[in-house]
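Q: Next comes the sequence, and after it the predicted model I'd like to discuss.
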Amino acid sequence: MNSNSSVLSARELVKDYGSGAALVRAVRDVTLDVASGESVAIVGPSGCGKSTLLYLLGGLERPTAGTLQLAGVQLERLPEAGLARLRRHALGFVFQAFHLVDELTALENVELPALLAGASPHNARVRAVELLARVGLADRVGHLPSALSGGQRQRVAIARALVNEPAVVLADEPTGNLDGAATTDVLRLFEQLHADGQTLVVVTHDERIAATADRLITMRDGEFMDEARLTGGSARSLGAMTGLEG
Amino acid sequence: MAKLLELPSREPLHGYQLRVVQEVLLALLARDASHGYELRARLTLALGPLAVALNEGQVYVTLGRLEKSGLVSSRRVGQVDRRDRRVYELTPAGRERVVAWLEDTSWPKPAPAEFHLKLVAAATAGLADPVGIVDRQRHELLSGLREAQRAALAEAEGSVAGLLLEGVVLRLQADLRWLEACAGYWSQARGRS
């Protein structure tokens, strides 16, 4: 384990695509520590490298250079099988396009990663039912994704991300495909997860999701340009935003 | 420099702008005569979590002023086991003012021009990095959005105060999108120079 309480610790990560004259440096020397229970939002314009960074942090892609430690495990020397195992146990992913298995019901989608991680069918089912209730879908467990709205599908995906009690949940534009009301549901869930102490890293250009985080990192051209801690004012400062105060 | 970057929300709070509350109170009296306590309760309901910024005495002070201006009249009404209370009623002049207020289309001003000119001035004079100024402003607005959003999510479905909070959230989102455009422009300007 790292000397500090970081769950995720990246040092000078670099990711290049192509080579020679066509070389594109998508991520440049990114260093990031995420503490347990912390919620971090990474924002920036399209093409700034934030999704690539998330894929590196999640071990879905290998960096060109730099080191990464996740839940106490050093990733760079880990063989592919070990990396896949670590992803299953230590990480939960939420994607913009949900990535549910169309042929499986909501319940089966949620329990699948638990079964793959070695949980007994009984325990996987109990946990999946509990999580679907937690995301407000207790009455939709038997539905196929095609019978669910976008917002409901994303809530199934969030339940699935949580099934193995991951050290970190990584989310890539979780509200990118959702309308206003469905976005509100996802916001509510993220606030709830954060309150429950779940470590979260979200890549987004939705200001509303970004505003749920404790820490906001702005990326431009593959680099971290700016970092801030979001405090949130008091109800009195809220009054200043209504235009009623003189 | 510090003065230049001071943000509106950090300024001390002086309570609600009197002009608005005056018209609101007049409008609330348009149908029935009422007393200060009830008027205050109605404002509190409409404002939800924002009502904490409403000063305790504000409603009573404002009603007194309206009476002096001849827009409302009042009379004392005795109560059996409590202190007498003052019941306020709209005068014809007050009624006219309410009608004019309802027809008025003036809109609270957003402030992009001043901020825009601040960035231009900072860049021209080499006083500060415009992108840094934009980033600081973004943090401030995002902190505000975090608060407004939490308050909005805490409101029950169908709450009228929730509608006000939605307005605050949407407006902050629009401002944040514009700030993103500002950051893009001034980052590129830095590259050009």
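A: Looks like it came in fine.

Q: Low-confidence bits of chain A, can you list those?
A: Under the criterion pLDDT under 70, the flagged ranges of chain A are A:1-4, A:232-237, A:239, A:243-246.

Q: mind listing the helices for it?
A: A:50-57, A:80-90, A:106-116, A:121-134, A:150-162, A:180-195, A:207-210, A:235-240 (DSSP state H).

Q: Flag every buried residue along the helix of greatest length in chain B.
A: For chain B, the longest helix by residue count, based on DSSP H, is helix B:160-192. For helix B:160-192, a neighbour-count test (16 or more other CB atoms under 10 Å in any protein chain shown) marks B:161-162, B:164-166, B:168-169, B:171-173, B:175-176, B:179-180, B:182-183, B:186-187 as buried. For glycine as for every other residue, the C-beta is placed from the backbone atoms N, C-alpha and C.

Q: Name the next helix or strand downstream of the lowest-mean-pLDDT helix or strand in chain B, please.
A: Within chain B, no helix or strand scores below helix B:18-28, which has a mean of 80 by mean pLDDT, DSSP states H and E. Counting by DSSP states H and E, the next helix or strand C-terminal to helix B:18-28 is strand B:34-35.

Q: still on that earlier bit, quick check: which of the buried residues of helix B:160-192 are also close to chain A?
A: Residues of the buried residues of helix B:160-192 in contact with chain A (CB under 8 Å from any CB of the partner chain): B:Leu164, B:Val168, B:Val169, B:Arg171, B:Leu172, B:Gln173, B:Leu176, B:Glu180, B:Ala183, B:Ser187.

Q: tell me the mean pLDDT for the helix or strand harbouring B:Tyr88?
A: For B:Tyr88, the host element (DSSP H and E) is strand B:85-90. Mean pLDDT, strand B:85-90: 93.

Q: Report the buried residues of that strand.
A: B:Val87, B:Tyr88, B:Leu90.

Q: any chance of those in JSON lines, plus distance to chain A?
A: Below are the buried residues of strand B:85-90 laid out as JSON lines (distance: CB to the nearest CB, whole Å):
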{"residue": "B:Val87", "distance to chain A": "26"}
{"residue": "B:Tyr88", "distance to chain A": "21"}
{"residue": "B:Leu90", "distance to chain A": "22"}
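
Q: wait, doesn't B:Leu39 sit right on B:Leu26?
A: No. The pair B:Leu39 / B:Leu26 is not scored as a contact, 10.3 Å apart, by CB atoms under 8 Å.

Q: Please say which of these two ends up with more neighbours.
A: Just comparing B:Leu39 and B:Leu26: by other CB atoms under 10 Å in any protein chain shown the higher neighbour count belongs to B:Leu26, 25 against 20.

Q: Please give me every residue in contact with the more buried one.
A: Residues in contact with B:Leu26 (CB atoms under 8 Å, 6 or more residues apart in numbering or on different chains) are B:Leu66, B:Leu71, B:Val72, B:Leu90, B:Gly94, B:Arg97, B:Val98, B:Trp101.

Q: Farthest pair within those?
A: Largest separation among the contacts of B:Leu26 by CB to CB: B:Val72 and B:Trp101, giving 14.2 Å.

Q: Which one's more surrounded, these two?
A: B:Val72 (23 against 15).

Q: May I have the predicted confidence score for that one?
A: 95.

Q: Quick check: it touching B:Leu28?
A: No. Taking contacts as CB under 8 Å, B:Val72 lies outside contact range of B:Leu28: 10.8 Å.

Q: Dump the ones next to chain A among the buried residues of helix B:160-192 to CSV, plus pLDDT.
A: Formatted as CSV, these follow (pLDDT from 0 to 100):
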residue, pLDDT
B:Leu164, 90
B:Val168, 90
B:Val169, 92
B:Arg171, 91
B:Leu172, 92
B:Gln173, 92
B:Leu176, 93
B:Glu180, 91
B:Ala183, 92
B:Ser187, 89
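
Q: Having no further points to raise, I will conclude here.
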